[in-house]
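J.: model this:
(chains A and B)
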Amino acid sequence: MKPAFEAGRPHGASKNLEERLEPVRKMLLPCMQCGTCSGSCPNAWAMDFSPRHLWRLLLTRNGEEIFKSRTFVLCSTCYSCTLRCPRGLPLTDAMSMLKQAAAAENVRMHRRSVGFYKSFMESVRRHGRVREMEFMTLYFLSMKNPAIPLRFTPLGMRLMAKRKVSFEIPSRGMGRLDAFFRKAKAVEDQS
Amino acid sequence: MMKYAFFLGCNIPARVQQYERSARAVLARFQVELVDIRAFNCCGYPLRNSDRNTYLLFSAKALALAEREDLDILTLCQCCYGSLKMAAHILANNAELKNEVNAFLGKKNLHYQGKARVTHLLTLLHRDIGEAAIREKLKTPFANVKIAPHYGCHALRPSDIMQFDDPVSPAILDTLVSLTGAKSVDWSQKLECCGAPLMGVNDDLSMRLTAKKLANAKASGADYLSVACPWCHIQFDDVQKEMEEEGRTEADLPSILYIQLLGLAMGISGRRLGLPQNKKDICDINTFIAQ
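T.: Take a look at the predicted model:
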């Protein structure tokens, strides 16, 4: 079978995915498979595995299946499952940990799903807050698909007409938040 | 006199400037002093699901900056609110991580103890300013306009940490909407996700969530949605516009920021409240003001 993920350039520590699953597994051991999470999830219908099914896969050690699925990527963090779980399990945090594992290990099929927020934060890293035009430019570049910016052109024109975005040439900025990113990585490497 | 460190985050200065304008205009009339701290940056929310440590540092820095000024933080955004509260909760329960964060912030002459509290605009209005004081300032209340209040997930849940309102049947925004003379309608999808966190991850699913909510609110008889989070507002305003062009929704249900609604009822002009900056035209909401 083809491996579900390809080891790319990791932006965190180079732990493997299995290792990253361990704390999530530990956290969800009390899961009793009632399915309240799936019933509460607004996006369950669009997922390949329901949230309940995903937790079962996790507990029965099917790590590869988990990272091949797009279930955790489609979690919109509404926290409904966390609110309703009769065992009081932090299920939204568990979804978040899976997203972070996929991002840190640069899992190929999920690369696109972090492009938006990565571009957003790249602009924040440079300037402290997001700059709309730069963020959009970075995002479109990361998508490597010329059709996407075209889709947004009418919206962009309207935004400019209303002076909601300004023409700013992407710049390196002052790298004001570089130290934050370095520190976070150091904490990650230690743990 | 109330005094707060005014935390705007990213989205409001970049994309929803009318939120800042209207909040400043309204809060000035309640003698709330807003202190701007230039060193505030992004709260880290966009990193919560990809790089948790960096998110924590961002939020800790904001909290430490407010603490240095001996101020509590006022946020206008559900996601900034949720992120800052969550970070404070994590740091309060992990002494080792807190030390680590402080060793880092120390180099920037900052220290995080956890003294600064985080308040959302709606809580400030409802709990601290209070219904009676708001009622006193109303000059031009609404009549016969139906508003569907949208709460936003990240202020409500996880409720044990957020302490914002009842996560199953919240009432604070309904109460505030009713104060303006508008009728707050009940709708079954009130507490569902607006779709914003999936924008950029899976645009199709994101828009489907938005379309479902818009259709449901419209069917409940609402003339407008009212929100108090810039992410939700972008979804119901900018994204709804885009959806209309793609033929994904016919609800034609504009979103008005709650603070704009309140400002109008207080007799503040639409221009000062940034009404023309909304993508979907909401200027005709003036026709609902009681004569």
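J.: could you check the pLDDT of the closest residue to B:K137 other than its chain neighbours?
T.: Leaving aside its sequence neighbours, B:K137 sits nearest to B:M266 (C-beta to C-beta, 6 or more residues apart in numbering or on different chains; 5.1 Å). Every C-beta, even on glycine, is put in place using the N, C-alpha and C of the backbone. You'll see B:M266 listed with a pLDDT of 98.
J.: residues near whichever residue of chain A sits closest to chain B, how many?
T.: Sorted by distance to chain B under C-beta to the nearest C-beta, the residues of chain A start with A:F116, at 2.6 Å. By the criterion of other C-beta atoms under 10 Å in any protein chain shown, A:F116 has 20 neighbours.
J.: any idea which element it lies in?
T.: Using DSSP states H and E, A:F116 sits within helix A:111-127.
J.: export that helix as PDB, just CAs?
T.: Provided in PDB are the C-alpha atoms of helix A:111-127 (Å, rounded to 0.1, in the frame of the first residue of the first chain):
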ATOM      1  CA  ARG A 111      -1.000  20.600   2.700                       C
ATOM      2  CA  ARG A 112      -3.600  22.800   0.900                       C
ATOM      3  CA  SER A 113      -5.800  23.000   4.000                       C
ATOM      4  CA  VAL A 114      -3.200  24.900   6.000                       C
ATOM      5  CA  GLY A 115      -2.200  27.200   3.100                       C
ATOM      6  CA  PHE A 116      -4.700  29.900   4.000                       C
ATOM      7  CA  TYR A 117      -3.700  30.200   7.700                       C
ATOM      8  CA  LYS A 118       0.000  29.800   6.900                       C
ATOM      9  CA  SER A 119      -0.200  32.800   4.500                       C
ATOM     10  CA  PHE A 120      -2.200  34.800   7.000                       C
ATOM     11  CA  MET A 121       0.400  34.200   9.700                       C
ATOM     12  CA  GLU A 122       3.300  34.800   7.400                       C
ATOM     13  CA  SER A 123       2.000  38.300   7.000                       C
ATOM     14  CA  VAL A 124       1.500  38.600  10.700                       C
ATOM     15  CA  ARG A 125       5.000  37.400  11.300                       C
ATOM     16  CA  ARG A 126       6.300  40.200   9.100                       C
ATOM     17  CA  HIS A 127       4.200  43.100  10.400                       C
END
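J.: packing partners for that helix?
T.: The contact analysis (3 or more C-beta pairs under 8 Å, 6 or more residues apart in numbering or on different chains; DSSP states H and E) places helix A:111-127 against helix A:91-104, helix A:132-143, helix A:178-190.
J.: off-centre distance for the last one?
T.: Here the centre of helix A:178-190 is set off from its chain's centre by 18 Å, with C-alpha atoms, centre = their mean, to the nearest Å.
J.: in chain A, where is pLDDT below threshold?
T.: Along chain A, segments meeting pLDDT under 70 span A:1-15, A:145-176, A:191.
J.: domain parsing for it?
T.: As given by automatic domain parsing, the domain ranges for chain A are A:17-105, A:111-190.
J.: winner for burial among these?
T.: domain A:17-105 (a mean of 19; mean count of other C-beta atoms under 10 Å in any protein chain shown).
J.: okay, how far is it across that one, tip to tip?
T.: The straight-line separation of the ends of domain A:17-105 (C-alpha to C-alpha, to the nearest Å) is 7 Å.
J.: re earlier: dump the residue contacts of the residue of chain A closest to chain B.
T.: Residues in contact with A:F116 (C-beta atoms under 8 Å, 6 or more residues apart in numbering or on different chains) are A:Y139, B:M199, B:G200, B:V201.
J.: go through those and name the one nearest B:L34.
T.: Using C-beta to C-beta, B:M199 comes nearest to B:L34 of the contacts of A:F116, at 29.2 Å.
J.: which residue sits closest to the residue of the stretch 101-250 of chain B found nearest chain A, ignoring its sequence neighbours?
T.: For the stretch 101-250 of chain B and chain A, the shortest gap (C-beta to the nearest C-beta) falls at B:G200, measuring 2.6 Å. Leaving out its chain neighbours, the residue that sits closest to B:G200 by C-beta to C-beta, 6+ apart is A:F116, at 2.6 Å.
J.: B:Q291 and chain A: what is the separation?
T.: Look at B:Q291 and chain A: by C-beta to the nearest C-beta, to the nearest Å, they are 31 Å apart.
J.: count the residues that sit near that residue.
T.: B:Q291 has 5 nearby residues by other C-beta under 10 Å.
J.: and B:V35, by the same measure?
T.: B:V35 has 12 neighbours, counted by other C-beta under 10 Å.
J.: so does stretch A:77-85 get close to chain B?
T.: Yes: Stretch A:77-85 lies within reach of chain B by C-beta under 8 Å from any C-beta of the partner chain, at A:T77, A:C78, A:Y79, A:S80, A:T82, A:L83.
J.: just the residues you listed: which are in helices?
T.: Among the residues of stretch A:77-85 next to chain B, DSSP state H puts A:S80, A:T82, A:L83 in helices.
J.: quick check: the first one touching A:N43?
T.: No: shown here, A:S80 and A:N43 do not form a contact pair, counting by C-beta atoms under 8 Å, at 10.2 Å.
J.: how about the secondary structure of B:S188?
T.: coil (DSSP: H, G, I helix; E, B strand; the rest coil).
J.: can you pull the pLDDT of the closest residue in space to it that isn't next to it in sequence?
T.: Spatial nearest neighbour of B:S188, excluding adjacent residues (C-beta to C-beta, 6+ apart): B:N216 at 6.2 Å. The model reports B:N216 with a pLDDT of 98.
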